[in-house]
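Enquirer: predicted coordinates and the sequence they were generated for:
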Amino acid sequence: MMNSGANTLNNKSDKMNRSLEEAKQIVEKNFSILELPSHSVAHLLTTLYAENYSPDYCDKCFHSGIIVTIENGEVITEECSCKKYLKEQKKYKEALSKTNIPQKYHDFTIDMWVNIGRNEKEILSNKRSIQIIKNYIERIDTFRKRGYGLFICGPNGVGKTFLACEIGKAAVRAGYSVKFYTLAKIISLVLEGWYDEETRRETVRHIETCDFLIIDDCDKVYKSKSGIEVAIFDSMFRERLQWNRPVIFTSNVNSEQFSESFNHSIYSMFLETSAEVVLVGEDYRKKISEQIKKDILND
């Protein structure tokens with residue numbers, strides 16, 4: 001974890017210069033004469049602290065990103081934990097930007113989820129559901145290998161998409177490839193690709209081969225008389241099942257009800273690959289709407 005003196009990545013500024021005089025003062029204040037056997041060593045450290053300054057690095061490394069120790073007159077340097085953290089965060093942000101996970105969920109954490117159960121029974125049910133999701137995140141490597149997915153269902157505004165995105169973000173942090181789509185978007189992308197074979201193949205490849213696929217609102221898709229939408233979904237789900245690639249679904253209806261509008265084989269695949277997680281309670285968006293009203297009145 002970063003030293004408290006470091007700024008967060010969100011506040012990161014462009015790298016700035018530190019004067020040689022400021023760097024010299026750091027060296028004189030923090031290294032004894034015995035540790036600096038020669039003028040050349042002092043000059044080396046002064047240059048190091050001047051040229052590697054960034055306000056985003058921490059106090060421990062004097063905002064240089066480098067930890068310096070001197071042993072028997074030899075200067076030994078290593079990357080500070082704050083610099084490693086910022087590099088990891090940059091890598092994570094870059095990977096997250098490729099997932100299609102909506103921007104609004106990027107900075108949330110699972111602890112921000114609020115149990116909106118309206119009575120003791122609903123609250124207890126939600127506690128069990130959130131524990132399943134937390135366990136899934138904690139053992140994400142295991143469940144990736146097993147191909148286990150989740151079918152998160154419940155009424156509007158209980159946090160289904162929020163929690164699905166938390167799983168996706170945890171997978172990204174663990175180094176896995178993730179894609180987020182609504183089912184309607186997947187159908188649309190594949191159908192549009194019929195007019196461009198190369199585009200279609202690339203779209204299908206991303207959907208079928210990413211480590212974790214999040215399908216949001218899987219019950220909200222128009223089905224034509226031809227049944228092409230069912231065929232696309234069946235083919236995609238079956239391909240991922242055969243290669244043990246997990247799918248995280250969200251839906252307003254449970255898996256059995258969802259499959260009734262598609263086909264029984266899809267329900268059978270749900271049973272083979274996914275644990276159903278039910279969320280219940282009041283639509284939290286009502287509270288958000290009330291807060292927006294207050295904000296407007298108070299501004």
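Expert: Looks like it arrived, so ask away.

Enquirer: who touches Ile152 in this structure?
Expert: Ile152 makes contact with Ile133, Lys160, Leu163, Ala164, Ile248, Phe249, Thr250, Ser251, Val277, Leu279 under the criterion CB atoms under 8 Å, 6 or more residues apart in numbering. (C-beta placed from N, C-alpha, C; glycine too.)

Enquirer: now the third one, nearest residue through space, not along the chain?
Expert: The one in question is Leu163. Among residues not flanking Leu163 along the chain, Ile133 sits closest, at 5.4 Å (CB to CB, 6 or more residues apart in numbering).

Enquirer: and the helix or strand in which that neighbour is found, what does it pack onto?
Expert: Under the assignment given by DSSP states H and E, the secondary-structure element containing Ile133 is helix 120-138. Here helix 120-138 touches strand 149-153, helix 160-173, strand 274-278, going by 3 or more CB pairs under 8 Å, 6 or more residues apart in numbering; DSSP states H and E.

Enquirer: one more time with 10 Å
Expert: helix 140-146, strand 149-153, helix 160-173, strand 274-278 (3 or more CB pairs under 10 Å, 6 or more residues apart in numbering; DSSP states H and E).

Enquirer: quick one: mean pLDDT for the first one?
Expert: Averaged across helix 140-146, pLDDT comes to 98.

Enquirer: contact partners of that helix?
Expert: Contacts of helix 140-146 from elsewhere in the structure, counted by CB atoms under 10 Å, 6 or more residues apart in numbering, are 135-137, 139, 148-150, 167, 170-171, 173-176, 211-212, 244-246, 273, 275.

Enquirer: in PyMOL, select just the buried ones from the residues you listed.
Expert: Of the contacts of helix 140-146, the buried ones can be selected in PyMOL as follows, counting by 16 or more other CB atoms under 10 Å:
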select buried, resi 136+137+148+149+150+167+170+171+176+211+212+245+246+273+275
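
Enquirer: what's the neighbour count on Val280?
Expert: Counted with other CB atoms under 10 Å, residues neighbouring Val280 total 19.

Enquirer: on the three-state scheme, it is what?
Expert: Recorded secondary structure, Val280: coil (DSSP: H, G, I helix; E, B strand; the rest coil).

Enquirer: skip the chain neighbours and tell me the closest residue to it.
Expert: Of all residues apart from its sequence neighbours, Glu122 sits closest to Val280 (CB to CB, 6+ apart), at 4.6 Å.

Enquirer: hmm, that neighbour is touching Pro155, no?
Expert: No - no contact is recorded between Glu122 and Pro155 when judged using CB atoms under 10 Å, the distance being 11.0 Å.

Enquirer: and the angle for the helix holding Ile133 with helix 160-173?
Expert: With axes from the mean of the first three to the mean of the last three CA atoms, to 10 degrees as the basis, helix 120-138 and helix 160-173 are set at 20 degrees to each other.
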